[in-house]
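Enquirer: sequence plus predicted model, see below.
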Amino acid sequence: MTENGLGQVLGSLRRHPDVEAANLQAWDATDSLLLDAASGLLTPDSTVAVIGDNYGALTLGLLAGGPGPVPAEVRVHQDLVTGERALRNNAAALGVAAGFTQLPLGTELLSGADLVLLQLPRTLAELEEISDAVARYAPAGAVLLAGGRVKHMSLGMNAVLGKYFAKVQPQLARQKSRLLIASDLLRAEGTPPYPVTDHNAELDLDICAHGAVFAGTRLDIGTRFLLTFLPEIPAAARAVDLGCGTGILAAMYARRNPGTEVLATDRSAAAVASAGATARANGLAGITAVQDDAMSTLPAGSADLILLNPPFHLGSSVHAGAGLKLFEAAGRVLAPGGQLWTVYNSHLRYGPALERLVGPTTVKGRNPKFTVAASVRRAAG
């Protein structure tokens with residue numbers, strides 16, 4: 001298809017069910033740069049593994065819009081369930097009924113893949129886990145095309161790729177994006193580097209983390225502040241750690257309330273795997289970890305307590321929409337009289353939104369950066 005055809009495909013993409021706004025789009029210049037570079041390497045027999053395809057631009061560009069031949073098989077790994085669902089939604093809108101398979105990061109994704117397209121992650125830890133998987137499972141002749149926005153790239157990325165590929169060739173930047181072409185794969189051996197486990201002496205907790213999870217095995221300062229209120233947070237029959245990350249809130253609450261059924265949920269597959277590993281590492285059998293988008297699969301009124309340290313970024317953009325979506329979800333899932341305890345950056349002034357979307361809200365504490373608030377779900381009607 002022509003370059004104009006690719007533009008039509010990219011221009012039609014939506015972020016839904018992720019947050020949508022006028023200043024947020026479903027593709028960027030890195031997507032088109034990766035597709036251009038891939039077109040010269042593709043054949044009708046190619047098997048392509050796509051990693052980090054935010055909303056389907058790379059996958060659907062290959063199948064419905066790219067200038068090169070359509071590959072025989074496209075396999076896709078997206079860490080976020082919102083990205084997985086957006087890809088399926090966009091494929092349906094474009095009439096792409098087949099041609100791609102969504103898979104976890106591992107051998108099924110990478111075995112036999114002669115070309116790997118990667119939207120570079122923001123952290124070196126995530127890049128290391130991905131690079132190790134490629135070196136462990138992809139064929140020896142595989143080529144990795146890794147692209148990112150120049151402002152988010154670092155020489156550390158070249159160094160990580162250099163551990164797994166004999167050749168790493170940086171390309172000239174275009175439209176503030178740049179490609180790294182990695183080839184001559186060095187086979188990974190031994191135990192994979194992730195997940196990692198560290199003991200946090202402050203909490204007396206073993207914390208497990210995959211490369212893509214926020215803060216790694218560290219205790220982020222917002223969670224630390226919310227945990228100081230743990231003695232005030234009521235016991236509940238059913239509790240949810242919403243946006244669980246490595247599952248620290250779920251683990252500490254379950255340890256204090258061993259009779260509670262605790263659900264740790266996150267839209268990130270890496271976070272859910274990390275939270276499950278953290279629960280197992282600490283012998284906390286009452287925790288179940290589930291990947292979901294803002295508790296979309298939970299029935300209304302099914303939780304008595306929700307703990308939340310909401311993100312304030314959507315990708316690389318600072319945006320309040322992520323928190324607001326989770327507050328709205330909490331208002332739906334909490335039973336009447338149930339409580340949402342949340343910690344948030346004070347400058348975001350979420351109080352009125354919590355009142356509107358959940359119910360009466362009381363500020364429990366504030367430090368120079370964060371606010372902790374408890375919101376009570378108002379009765380129906």
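Expert: Yep, it's here. Numbering: from 1, shown residues only.

Enquirer: and the strand or helix carrying residue 157, which residues are buried?
Expert: Applying DSSP states H and E as the criterion places residue 157 in helix 155-162. Neighbour counts using 16 or more other Cβ atoms under 10 Å place 157, 160, 161 of helix 155-162 among the buried residues. Using the backbone N, CA and C atoms, a C-beta is placed for each residue, glycine as well.

Enquirer: adding distance to residue 90 and pLDDT, write those out as TSV.
Expert: Converted to TSV, the buried residues of helix 155-162 look like this (distance: Cβ to Cβ, whole Å; pLDDT from 0 to 100):
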residue	distance to residue 90	pLDDT
157	28	98
160	30	98
161	29	98
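
Enquirer: of these, just say which sits nearest to residue 39.
Expert: Minimum distance to residue 39 across the buried residues of helix 155-162 is 21.9 Å, recorded for residue 161 (Cβ to Cβ).

Enquirer: so the closest one sits right up against residue 144, yeah?
Expert: Yes: taking contact to mean Cβ atoms under 8 Å, the distance of 7.4 Å between residue 161 and residue 144 places them in contact.

Enquirer: so where's this structure shaky on pLDDT?
Expert: Under the criterion of pLDDT under 70, the regions of the chain flagged as low confidence span 1-4, 66, 312-320, 381.

Enquirer: if you set the cut-off to 80 instead, what comes out?
Expert: Using pLDDT under 80 as the threshold, the predicted model of the chain has low-confidence ranges 1-5, 65-68, 312-321, 380-381.

Enquirer: which strand in it has the most residues?
Expert: The residue-count maximum for a strand in the chain (DSSP state E) belongs to strand 334-345.

Enquirer: and it, which strands flank it?
Expert: Using DSSP bridges, the strands paired with strand 334-345 in its sheet are strand 303-308 (parallel), strand 370-376 (antiparallel).

Enquirer: before we move on, the earlier item: got a list of contacts for the helix holding residue 157?
Expert: Contact with helix 155-162 is made by 120, 124, 127, 128, 131, 144, 146, 148, 168, 170, 180, 182, as judged by Cβ atoms under 8 Å, 6 or more residues apart in numbering.

Enquirer: just checking, residue 9 touches residue 61?
Expert: Yes: proximity of residue 9 to residue 61 meets the contact threshold set by Cβ under 8 Å, at 5.9 Å.

Enquirer: which one of those two is surrounded by more residues?
Expert: More neighbours surround residue 61 than the other of residue 9 and residue 61, with 29 against 23 (other Cβ atoms under 10 Å).

Enquirer: with adjacent residues omitted, what lies nearest to that one?
Expert: With Cβ to Cβ, 6 or more residues apart in numbering as the measure, residue 35 is the residue that lies nearest to residue 61, at 4.5 Å, once sequence neighbours are left out.

Enquirer: how close does that neighbour sit to residue 171?
Expert: The spacing between residue 35 and residue 171, counted by Cβ to Cβ, to the nearest Å, is 14 Å.

Enquirer: that older thread, identify the contacts common to residue 161 and residue 144.
Expert: Listed contacts common to residue 161 and residue 144 are 131, 182; contacts here mean Cβ under 8 Å, 6+ apart.

Enquirer: all strands of the stretch 201-350 of the chain, in order?
Expert: Counting by DSSP state E, counting those that start in this stretch, the stretch 201-350 of the chain has strands at residues 205-209, 238-242, 261-266, 287-291, 303-308, 313-314, 317-318, 334-345.

Enquirer: all set, thanks.
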